[in-house]
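Enquirer: give me the fold of what follows.
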Amino acid sequence: MTINEEQIKHVANLAKLEFLPEELHQFSKTFGNIIDMVEQLNEIDATGVPFTSHVVDAINVLREDVAFPGMDREELMKNVPKEEKGFIKVPAILDEGEA
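Expert: Got it, this is the predicted structure:
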């Protein structure tokens with residue numbers, strides 16, 4: 001499958017990545033090769049092969065869910081760098097939704 005440089009630019013923009021023009025050509029070749037390898041899996045007859053999520057038996061061992069008192073709010077707020085209206089204020093990590 002051919003992946004063109006415009007598709008690479010689009011995906012890079014969604015991921016907030018920037019590439020040099022000379023890198024775009026290499027990435028388009030590399031991603032095309034990866035997709036070609038994945039498409040080869042469609043040629044395999046997997047009829048009757050059971051679904052496998054793990055190659056080994058995985059058993060979840062969970063502890064008992066026991067409630068216990070949390071930290072005193074006033075004591076916690078003594079350690080935070082910024083506080084606003086009783087909440088810990090942190091820097092914004094999301095933009096205004098621009099793609």
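Enquirer: model confidence over stretch 80-95, on average?
Expert: Per-residue pLDDT values over stretch 80-95 give a mean of 87.
Enquirer: starting at the chain centroid, how far to that stretch?
Expert: Relative to the mean C-alpha coordinate of its chain, stretch 80-95 is positioned 24 Å out (Cα atoms, centre = their mean, to the nearest Å).
Enquirer: and the contacts of it?
Expert: Contact with stretch 80-95 is made by 73, 77, as judged by Cβ atoms under 8 Å, 6 or more residues apart in numbering. To be clear about C-beta, it is placed using only N, CA and C from the backbone, and glycine gets the same treatment.
Enquirer: need the contact list for I3.
Expert: Here I3 is in contact with 28, 31-32, 35 (Cβ under 8 Å, 6+ apart).
Enquirer: now F31
Expert: With contacts defined as Cβ under 8 Å, 6+ apart, the neighbours of F31 are 3, 8.
Enquirer: that one: helix or strand, and which one exactly?
Expert: In this structure, F31 is located in helix 21-39 according to DSSP states H and E.
Enquirer: what of T2?
Expert: Using DSSP H and E, T2 falls outside every helix and strand.
Enquirer: pull the number of nearby residues for it.
Expert: 10 (other Cβ atoms under 10 Å).
Enquirer: pLDDT score for it?
Expert: T2 carries a pLDDT score of 79 in this model.
Enquirer: roughly how far does the residue nearest to it when sequence neighbours are not counted sit from N79?
Expert: Counting by Cβ to Cβ, 6 or more residues apart in numbering, the nearest residue to T2 once its immediate chain neighbours are dropped is G32, at 5.6 Å. Using Cβ to Cβ, to the nearest Å, one obtains 51 Å as the distance from G32 to N79.
Enquirer: picking up where we left off before, tell me the helix or strand right after the helix holding F31.
Expert: On the C-terminal side of helix 21-39, the nearest following helix or strand under DSSP H and E is helix 73-77.
Enquirer: fine by me, we can end here.
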